[in-house]
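> Give me a model of this one.
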Amino acid sequence: MSAVSVEFKGVSKRFGNRSVLAAVSGTLQRGRVLVVAGPNGAGKSTLLNILAGLLRPSRGEVVYRNGDAPLARTHWFEHLGMAAPDMAVYEELSALENLRFFARLRGLHLEDPTLQELLDGLGLPPREHTRTVGTYSSGMRQRVKLAQAILHEPPVLLLDEPSSNLDEAGHGVVADLVARFRELAAVAVATNDPREMTWADARIDLAL
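Now for the predicted structure:
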């Protein structure tokens with residue numbers, strides 16, 4: 001896995017007349033978890049979407065580097081995995097079919113046993129692998145979102161409220177995932193869950 005880091009400086013975002021973020025700066029690097037904390041509406045998801053390249057900041061900049069070499073914005077996706085509440089999965093497909101699709105989208109040729117092992121590791125029972133996602137509980141859908149985020153073992157992992165809709169066992173699964181990727185990737189977690197805040201090596205607190 002490549003040593004990709006992300007630096008963001010003075011990131012601000014406005015939607016019309018409303019300011020959501022104001023001059024936020026920080027760094028993501030392998031071996032450290034950055035927690036972005038704050039109440040709902042403070043801009044946690046907006047910041048992660050900017051770091052993922054899904055939104056452009058109104059001011060400031062985001063720079064991805066592979067080692068010392070800057071990465072063009074068009075190549076961020078190759079190095080990035082993200083799970084967020086508003087990210088969609090295909091409800092008419094099974095969990096396994098969703099992962100096949102996302103793997104092909106990334107140019108990966110992963111066999112079904114590998115994908116099934118990934119779903120197993122995130123606590124989705126084997127009997128659920130071939131049911132359509134539209135029949136899943138919200139917690140089961142969250143496991144599929146997490147699986148698609150890590151199927152390519154990304155060197156940058158962005159998790160927006162990763163324990164959302166998960167029970168205590170599911171929270172443990174996410175904690176284990178973050179512990180594993182801390183050693184492999186630059187990780188950012190947006191949360192207002194006190195348990196998830198304990199994962200932080202560095203922290204940004206946003207306010208309304």
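
> Sheet partners, orientation included, of the helix or strand containing S5?
Using DSSP states H and E, the element containing S5 is strand 4-15. Paired neighbours of strand 4-15 in the sheet (DSSP bridges): strand 18-28 (antiparallel), strand 59-66 (antiparallel).

> any low-confidence regions in the chain?
Counting by pLDDT under 70, the chain shows low-confidence ranges at 1-2.

> what comes up buried for the helix of greatest length in the chain?
Criterion DSSP state H: the longest helix present in the chain is helix 168-182. For helix 168-182, burial by neighbour count (16 or more other Cβ atoms under 10 Å) applies to 170, 173-175, 177-178, 181-182. Quick note: C-beta positions are derived from backbone N, CA and C, even for glycine.

> so which of the residues you listed comes closest to A22?
Nearest to A22 out of the buried residues of helix 168-182 is V178 (Cβ to Cβ; 27.6 Å).

> For the nearest residue to the closest one once chain neighbours are set aside, give me the backbone phi and psi.
Nearest residue to V178 in three dimensions, chain neighbours excluded: W199, at 5.4 Å (Cβ to Cβ, 6 or more residues apart in numbering). Here is the backbone geometry of W199 (degrees, to the nearest 10): phi -80, psi -10.

> who's in contact with W199?
For W199, the contacting residues are 33, 35, 175, 178-179, 182, 189, by Cβ atoms under 8 Å, 6 or more residues apart in numbering.

> Show me which pair in these is furthest apart.
Most distant of the contacts of W199, by Cβ to Cβ, are V35 and A179, 13.8 Å apart.
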